[in-house]
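A.B. asks: Kindly return the folded structure for what I paste below:
(chains A and B)
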Amino acid sequence: MKTRVPVVLAAVLLSAFLLQPSALRAQGSLTPPGPPAPLMKTLDQIEARTPVSLLPYTITNPGSYYLTTNLTGVSGANGITIASGDVTLDLNGFRLLGVPGSLDGIFVPTNALYLNLTVRNGTVRGWGGSGVEAFDGENTIFERLIVSDVGGFGIDAYGSVIRDCQVDGSGNTGIAANVSEIRHCVVENCGFDGIDAFDSQVSDCAVEFNLYGIFASPGKVSDCVIETNTFSGIYAGASGCQLTGNTCLGNNHNAGASDAGIYLATGNNRVEDNHVIGSGRAGIQVAAAGASNNLIIRNSVTGDGANNYVIPASQIIGPLITTTGFITNSNPWANFSF
Amino acid sequence: MKTRNSILIALLSAFSLQPSALPAQGSLTPPGPPAPTMKSLDQVEPRTPISALPFTITASGSYYLGTNLSAATGNGITISNNNVTVDLNGFALAGGPSSANGIYMPASQINVTVRNGSISGWQNGVVVVPNTSRGIVLERLAVSSCGQYGIFSSSPALVRNCLSISNQYAGIYVFGGGQITDCDASYNGNNGIIAADGIVRNCSAANNGHYGIYATPGTVSGCWIRNNINSGIYLISAGSEIIGNTCVGNNSSGSTADAGIYVSGYNNRIEDNQVSGSGYAGISVTNTVNGNIIVKNSVSNDGPNNYLTPGNQIVGPLITTYGIITNSNPWANFSF
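C.D. replies: The predicted structure is shown next:
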């Protein structure tokens, strides 16, 4: 026997289906929401910079480069050669490690005059040559670098800003800079000078256990701590230096006759508001010949007795306050000697 | 039959009564909804890449370069919205001979930062056109070889840790306030730094073709200014402080309208500067202005022109004699 579904019932069911709101339909709207939108980024967009994965490496194109791991050099070669302008090299917290017989960790070729170079953020260590040799770059930035135990300069640069760097144990000068600014750096245990500043400005640096502390020729040196260097703490090698607000402690422990806590080899310099302690042989000294018109005011020097100030004729110097107790001398230019 | 049924019942019971830990598959209760274990690429790098020039930013957000970009004509990156950061990501924006501006803000914007790369070869490296933008930060840029300005802002801007060299006109120009700090502007064809109503601090300006620093007016302090063809610091307008700067070998042209520090405005304060080896004059005030305070400076190597201070200025006495300073006037200037 066949059983038929009543027609009325079928109609009711069909109507109920057709009259339901579209929201109840499981498949949703059939109207496309719009053109497909990009959902992905390429890996090159995520990390657009060029990785440096092996040494020696030569950069010949402008761009941004970075390390992905510690890298070790090879004998007879530089680590990374920058042979282009407009280059940023981010060591990315990794190390460039030299080996015996290696050359410079980072090298800008001679006479290249590449502009707009930046190197930052890592360690350069153990190279036979310099840590960073960039004398032939210009408009360069070196920041947040640790350079240690290299045979040549720690950092050698021209037309640079060098900031927040540490240099330890370079065979030659720690930081050698022409027409540059050197800020917030620590330089120690170098085989030659801590900082050589030619036409440069040095501020807020700590410089210790080098041959000379800071050699300014000329330069503006301010707010530095310069300690226990073999020869002068600050050596002014050319006219026009301004040496202000520095602390020089225990320098010239070799007691050289042409050195001091602060030594002026030339004229027309301004030495002001420095504190000089326990230098070998002399605190603040001006060369006996060929140096005149140096202004020496408001400094405090101690620990060298009669040689606290060794000042020949033809200089301008504030009077010395030498007595302990309450200061009764109201000369605003007075130096302290005790 | 009954025995088989009993065994089955016993087995079934034994199975049912075991603790749930004993079944090998573990608990059948789901531990919770599935947790995400991945990051999307947009979460890893959520910024918008700039892949070609010209590029116009019309939406707020963070943008970055993924490669060096160049343009032969027109502008490079135009910023036309507020709250934008552009990170050059260490890459270069290079302009061709007929190009316009590397970074261009033609309308008033708020909170725009551009950083971290090099810009060279444009007519102007960075240009902020209107004087009504605010919150402009330009930092860690190396700008060079532009046809006019390296960095130009008509609005107050914070320009810091930038280098701007070898541009045909000026290295850095900021108008209407702002700060220029820890910058180097050297070897530019005209002025190193031009600052109006702002602060220039701890900067270097050397070997520029005209002035080292041109302030109209402003505060200039702690700067190292050397070997500029005309004045090391040229001051116009009133109300500036020029303090603690070192100016060596400026005005090599020997111009009589220039000096190591040249003052062409009223009521400025020139203090604690070291000026030496300038052409023609050390510190010079034009004879048409009054009320400038000139104290505690040291000037050398311009002889009778160490200080040229005509008119009604307030000048500390000059100490000119060698030896122990007996002049106890705290405002004295040194001239030797």
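A.B. asks: Could you tell me which residues of the stretch 1-150 of chain B lie near chain A?
C.D. replies: Residues of the stretch 1-150 of chain B found near chain A (CB under 8 Å from any CB of the partner chain) are B:41-42, B:44-45, B:49, B:51, B:64-68, B:89-92, B:94, B:116-118, B:120, B:140, B:142-145. Every C-beta, even on glycine, is put in place using the N, C-alpha and C of the backbone.
A.B. asks: Just the buried residues out of those residues, in ChimeraX syntax.
C.D. replies: Those of these that count as buried under 16 or more other CB atoms under 10 Å in any protein chain shown are selected in ChimeraX with:
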select /B:45,49,64,65,66,67,68,89,90,91,92,94,116,117,118,120,140,142,143,144,145
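A.B. asks: Could you list which of the residues of the stretch 1-150 of chain B next to chain A belong to strands?
C.D. replies: Within the residues of the stretch 1-150 of chain B next to chain A, residues falling in strands by DSSP state E are B:49, B:64-65, B:92, B:94, B:116-118, B:120, B:140, B:142-144.
A.B. asks: Just the strands from the stretch 1-150 of chain A, written as ranges.
C.D. replies: A:50-52, A:57-59, A:63-67, A:71-72, A:80-82, A:87-90, A:95-97, A:106-107, A:114-125, A:132-134, A:137-148 (DSSP state E, counting those that start in this stretch).
A.B. asks: a markdown table please, covering the ones you listed and showing mean pLDDT, mean neighbour count and distance to chain B.
C.D. replies: Output for the strands of the stretch 1-150 of chain A, formatted as a markdown table (pLDDT from 0 to 100; neighbours: other CB atoms under 10 Å in any protein chain shown; distance: least, CB to the nearest CB, whole Å):
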| stretch | mean pLDDT | mean neighbour count | distance to chain B |
| --- | --- | --- | --- |
| strand A:50-52 | 94 | 17 | 9 |
| strand A:57-59 | 97 | 18 | 12 |
| strand A:63-67 | 95 | 22 | 3 |
| strand A:71-72 | 96 | 18 | 18 |
| strand A:80-82 | 97 | 24 | 13 |
| strand A:87-90 | 96 | 26 | 3 |
| strand A:95-97 | 96 | 23 | 17 |
| strand A:106-107 | 98 | 25 | 15 |
| strand A:114-125 | 94 | 23 | 4 |
| strand A:132-134 | 96 | 29 | 13 |
| strand A:137-148 | 93 | 24 | 5 |
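A.B. asks: mind checking which of the ones you listed is nearest B:Leu318?
C.D. replies: The closest of the strands of the stretch 1-150 of chain A to B:Leu318 is strand A:137-148. By CB to CB, the value is 40.1 Å.
A.B. asks: Just the pLDDT for the residue lying closest to A:Asp136 once chain neighbours are set aside.
C.D. replies: Of all residues not flanking A:Asp136 in the chain, A:Ala112 sits nearest, at 4.8 Å (CB to CB, 6 or more residues apart in numbering or on different chains). pLDDT recorded at A:Ala112 is 77.
A.B. asks: How about B:Thr286?
C.D. replies: pLDDT for B:Thr286: 92.
A.B. asks: Share the number of residues neighbouring it, please.
C.D. replies: B:Thr286 has 17 neighbours, counted by other CB atoms under 10 Å in any protein chain shown.
A.B. asks: export the strands of the stretch 1-150 of chain A to TSV and tack on distance to B:Asn301?
C.D. replies: Converted to TSV, the strands of the stretch 1-150 of chain A look like this (distance: least, CB to CB, whole Å):
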stretch	distance to B:Asn301
strand A:50-52	49
strand A:57-59	45
strand A:63-67	46
strand A:71-72	51
strand A:80-82	40
strand A:87-90	41
strand A:95-97	45
strand A:106-107	40
strand A:114-125	33
strand A:132-134	33
strand A:137-148	29
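A.B. asks: Out of these, flag the one nearest A:Gly278.
C.D. replies: Short answer: strand A:137-148, nearest of the strands of the stretch 1-150 of chain A by CB to CB, at 27.7 Å.
A.B. asks: How is chain A partitioned into domains?
C.D. replies: Per the record, chain A has its domains at A:44-211, A:216-338, by automatic domain parsing.
A.B. asks: Please verify my assumption that A:Cys185 contacts A:Ala197.
C.D. replies: No. Between A:Cys185 and A:Ala197 there is no contact under CB atoms under 8 Å: 11.1 Å.
A.B. asks: burial count for the nearest residue to B:Ala72 once chain neighbours are set aside?
C.D. replies: Leaving aside its chain neighbours, B:Ala72 sits nearest to B:Gly96 (3.7 Å; criterion: CB to CB, 6+ apart). B:Gly96 is flanked by 12 other residues according to other CB under 10 Å.
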